[in-house]
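Engineer: Structure here, sequence nowhere to be found:
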């Protein structure tokens with residue numbers, strides 16, 4: 001008999017095998033545990049949380065660095081403003097105060113008569 005004709009003939013051994021296979025797959029489905037829904041939710045939530053934490057940590061670090069830089073620059077600005085005021089005061093004293101003019105003339109090695117003659 002040909003194999004094509006053989007599928008139409010009843011064979012008790014084949015039908016028994018099929019039911020056994022069906023039983024095995026049914027048993028394997030029952031015995032195989034499914035993952036709980038909350039586990040997949042927990043994994044997604046954990047990944048989302050890690051993403052949020054990493055983004056916020058990066059932003060916090062950059063903000064902290066910029067804040068430190070702002071403090072440093074503010075301190076430098078204050079120092080430069082103080083130095084500028086001191087220089088302006090010194091310029092004013094050199095223009096108007098004869099004692100300061102004499103002191104600077106001595107420091108430079110000039111005679112005070114020449115310096116006083118120039119300022120009058």
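Structural biologist: Cool, got the structure. Computed from a predicted structure; not experimentally measured. Residues are numbered from 1 along each chain as shown.
Engineer: quick one: the helices in the protein?
Structural biologist: Assignment of helices within the chain using DSSP state H yields the ranges 3-6, 12-31, 37-96, 98-108, 112-119.
Engineer: and the third one, what does it pack onto?
Structural biologist: Counting contacts by 3 or more C-beta pairs under 8 Å, 6 or more residues apart in numbering; DSSP states H and E, helix 37-96 packs against helix 98-108. Using the backbone N, CA and C atoms, a C-beta is placed for each residue, glycine as well.
Engineer: where does this protein dip in pLDDT?
Structural biologist: Where the chain drops to pLDDT under 70, the residues are 1-32, 112-120.
Engineer: and if we set it to 50?
Structural biologist: By pLDDT under 50, the low-scoring segments of the chain are 120.
Engineer: so how far is residue 67 from residue 48?
Structural biologist: 28 Å (C-beta to C-beta, to the nearest Å).
Engineer: what about the closest residue to residue 100 other than its chain neighbours, how many neighbours?
Structural biologist: Among residues not flanking residue 100 along the chain, residue 93 sits closest, at 4.5 Å (C-beta to C-beta, 6 or more residues apart in numbering). A count of neighbours around residue 93, defined by other C-beta atoms under 10 Å, yields 14.
Engineer: do the same with the one 3 residues further on
Structural biologist: Other residues within reach of residue 96 by the criterion other C-beta under 10 Å amount to 10.
Engineer: what's the spacing between it and residue 42?
Structural biologist: For residue 96, the distance to residue 42 - C-beta to C-beta - is 80 Å.
Engineer: and the closest residue to residue 104 other than its chain neighbours, what is it in contact with?
Structural biologist: Excluding the flanking residues, the one nearest residue 104 by C-beta to C-beta, 6+ apart is residue 94, at 6.6 Å. Contact partners of residue 94, counting by C-beta atoms under 8 Å, 6 or more residues apart in numbering, are 100-101, 104.
Engineer: repeat for residue 91
Structural biologist: Residue 91 touches nothing, counting by C-beta under 8 Å, 6+ apart.
Engineer: how far away is it from residue 97?
Structural biologist: 11 Å.
Engineer: Please apply the same query to residue 40.
Structural biologist: 84 Å.
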